[in-house]
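Enquirer: using only what follows, build the 3D model:
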Amino acid sequence: MQLDKEFESKLTTQWPSFTCPNIGTKFWAHEWNKHGTCAISVFKNQRDYFQAGLDLKEKSNLLHALKNSNIEPNYQFYNVEDVKEAMKTSIGYYPWIECNRDSEGNSQIYQVYVCVDRNGKDFIECPVLPHGNCDSRVQFAKF
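Expert: Purely as a prediction, here's the structure:
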């Protein structure tokens with residue numbers, strides 16, 4: 001990865017890996033290799049790609065949208081449709097929510113997928129959403 005230390009610090013704070021917090025540049029390298037290289041014609045470099053992601057995160061403010069709907073990371077269970085609706089209020093489109101299972105078999109929010117236009121600036125309706133793997137009620141764990 002070719003990012004300056006100041007920008008890496010910004011990513012550490014604003015784009016961490018919650019599943020493996022100490023992975024740092026390996027996590028961002030994975031994100032770049034899996035997703036960013038497809039947008040190399042849009043972004044001049046890795047920094048511009050990640051900055052676009054940070055800009056979209058700020059624009060969506062999904063955690064704030066969830067909090068406004070009384071959905072918080074507190075280990076409580078929520079209707080998955082209510083979670084999607086709260087996020088739609090924020091970005092204008094339904095996201096796809098991926099879940100995992102904890103050691104007790106509870107369906108937990110793991111990742112949120114949203115689609116972005118070819119310029120990486122605005123949200124769009126996803127042309128295809130994968131089949132869901134969440135129960136109708138999902139746990140929102142603290143992170």
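
Enquirer: correct me, but R101 touches N133?
Expert: No: using CB atoms under 8 Å, R101 makes no contact with N133, being 9.4 Å away. To be clear about C-beta, it is placed using only N, CA and C from the backbone, and glycine gets the same treatment.

Enquirer: Validate this expectation: V42 resides in a strand.
Expert: No: per DSSP: H, G, I helix; E, B strand; the rest coil, V42 lies outside any strand segment and is coil.

Enquirer: now do the phi/psi pair for the residue most central in space within the chain.
Expert: Centroid-nearest residue in the chain, with CA atoms, centre = their mean: V112, separated by 4.8 Å. The phi/psi pair for V112 (degrees, to the nearest 10) reads phi -120, psi 130.

Enquirer: helices or strands up against the lowest-mean-pLDDT helix or strand in the chain?
Expert: Least confident helix or strand, the chain: helix 25-34 with a mean of 81, by mean pLDDT, DSSP states H and E. When contacts are defined as 3 or more CB pairs under 8 Å, 6 or more residues apart in numbering; DSSP states H and E, helix 25-34 sits against helix 46-60.

Enquirer: and the angle from the helix it packs on to helix 25-34?
Expert: If you take axes from the mean of the first three to the mean of the last three CA atoms, to 10 degrees, helix 46-60 sits at 90 degrees to helix 25-34.
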